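S.K.: kindly generate the corresponding structure for this input.
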Amino acid sequence: MSQKNETPALIASLLVTAGLLGGAFWWFTQRSGNFGAPIVQSSNPTSKSNTAPNSGQPSSGTFAQVQNVPSGLFRYGGSTSWAPIRLAVDGALQAARPEYRLQYTEPATGSPGSGTGIKALIDGNLAFAQSSRPVSDEEYQRAQIRGTTLKQIAIAVDGLAVAVNPSLNVPGLSVEQLKRIYTGQINNWQQVGGPSLPITPISRSAESGGTVELFVEQVLGGQALSRNVQIVGTTTEALRQLGATPGGIYFASAPEVVPQCSIKPLPIGRSLDKLVPPYQEPLINQCPNQRNQLNTPAFQSGEYPLTRNLFVIVKQDGGVEQQAGEAYANLLLSEQGQELVAKAGFVRSR
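M.R.: Here you go, the predicted structure:
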């Protein structure tokens, strides 16, 4: 064939090749959608495969719109940190869903708390439990021995607030200083920028519930509370004692502490140059006409260092009690439920 006849064929071949390459590129970019976009990882990853940020049901607007709510009387119990939510939510829930009756149940022995609630759930004494900490590996294993598994459903974000006597002048504490106070290594406020005054650390017992368990794990690094820590039975008792003890310090769920009039919540930081208050600044001193409000943005962003999730714990046995527990989580995750959670002083999960 002559060069004159080969030229048009070569040009046609190049055009076909270019067309195929262009078509392939267009197809790939359309299929990939956001080609080149960064991969976004969850801000709260977990190694527990049966941890759920919600139960999988689409969010509903009101209690009346939530589906798969069973009829009957269901006993539940657990964390004392949940008390403001129970007060804010349960009455409205019962009014909207009279067929779904709830009975808060305290343990037969021991104090109410996350641990005793989860134990009662595993033992078959509760339909579902409320917890202010994740389920432990030991609890997962105990449930498996009993022939079931546990699922934890996050419904709100809470923070641990640290409070002192209102007369104490101290700018705040780092997490490390807080650890050293509760393990007995710091025993005078002068060591952390305050007056020369002995520190009186106050706590509920380590066996009392999820709040102390989480504090021991996350703040103390698993070390035991110092022997000089004064143990009280309830947060109400601790706040009363704190108001009468110039050198006292106590920690509890932020909604239980921040609005109180007889104490002063402290800024806490991962380091001393990054102190974050658990309350909205400025600190209010006109209590009870005005009360301090939670620093919700700092809890949501994780800027405040002592935050945690609140969970509904459900036993996955395929029965009506599993349905009841999942329904309770779905009700709290509805728009109406989340509004009431926020009014109770906690940060919305949705």
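S.K.: other residues contacting the helix or strand Ala129 falls within?
M.R.: Counting by DSSP states H and E, the element that carries Ala129 is strand 128-131. Strand 128-131 has contacts (C-beta atoms under 8 Å, 6 or more residues apart in numbering) with 74, 76-79, 82, 85-86, 114, 117-118, 120-121, 152, 210, 310-315, 321, 324-325, 328. C-beta here means a position set from N, CA and C on the backbone, and glycine is covered the same way.
S.K.: quick check: phi and psi on the closest residue to Leu283 other than its chain neighbours?
M.R.: Closest residue to Leu283 apart from its sequence neighbours, by C-beta to C-beta, 6 or more residues apart in numbering: Asn292 at 6.6 Å. Dihedral pair for Asn292: phi -70, psi 140, per degrees, to the nearest 10.
S.K.: any idea how many residues pack against Asn292?
M.R.: Asn292: 23 surrounding residues under other C-beta atoms under 10 Å.
S.K.: tell me the contacts of it?
M.R.: Contacts of Asn292 by C-beta under 8 Å, 6+ apart are Val258, Pro259, Pro265, Tyr279, Gln280, Leu283, Ile284.
S.K.: tell me the one of those nearest Pro98?
M.R.: Among those, Pro259 lies closest to Pro98 (C-beta to C-beta), at 31.6 Å.
S.K.: could you double-check that Arg240 sits in contact with Ser262?
M.R.: Yes: at 7.3 Å, Arg240 and Ser262 qualify as touching, with contact defined as C-beta atoms under 8 Å.
S.K.: where's the most centrally placed residue in the chain relative to Thr183, distance?
M.R.: The centroid of the chain falls nearest to Asn309 when counting by C-alpha atoms, centre = their mean (1.2 Å). Remark: distance between Asn309 and Thr183 (C-beta to C-beta, to the nearest Å) = 26 Å.
S.K.: what's the answer for Gln241, then?
M.R.: 21 Å.
S.K.: so for these two, which sits in the more crowded spot?
M.R.: Each of Gln241 and Thr183 had its neighbours counted (other C-beta under 10 Å), and the higher figure belongs to Thr183 (19 against 16).
S.K.: circling back to that earlier point, what's the following helix or strand after the strand holding Ala129?
M.R.: With DSSP H and E, the next secondary element past strand 128-131 is helix 137-145.
S.K.: in that following helix, what's buried?
M.R.: By 16 or more other C-beta atoms under 10 Å, the buried positions in helix 137-145 come out as Glu139, Tyr140, Arg142, Ala143.
S.K.: for the closest residue to Glu321 other than its chain neighbours, grab phi and psi.
M.R.: Spatial nearest neighbour of Glu321, chain neighbours left out: Ala127 (4.1 Å); criterion: C-beta to C-beta, 6+ apart. Torsion angles at Ala127 (phi, psi; degrees, to the nearest 10) stand at phi -80, psi -40.
S.K.: OK, contacts around Ala127?
M.R.: Each residue near Ala127 by C-beta under 8 Å, 6+ apart is listed here: Phe74, Arg75, Tyr76, Leu121, Glu321, Ala324, Gly325.
S.K.: per-residue pLDDT, it?
M.R.: Ala127 is assigned a predicted lDDT (pLDDT) of 98.
S.K.: how close does the residue nearest to Leu283 get to Glu237?
M.R.: Separation of Asn292 from Glu237 (C-beta to C-beta) stands at 21 Å.
S.K.: for Val162, same thing?
M.R.: Applying C-beta to C-beta to Val162 and Glu237 gives a distance of 17 Å.
S.K.: more neighbours: which of these two?
M.R.: Between Val162 and Glu237, counted using other C-beta under 10 Å, Val162 has the larger neighbour count: 25 against 12.
S.K.: the strand or helix carrying that one to helix 137-145, inter-axis angle?
M.R.: Assigned by DSSP H and E, Val162 belongs to strand 149-164. Interaxial angle, strand 149-164 versus helix 137-145 (axes from the mean of the first three to the mean of the last three C-alpha atoms, to 10 degrees): 150 degrees.
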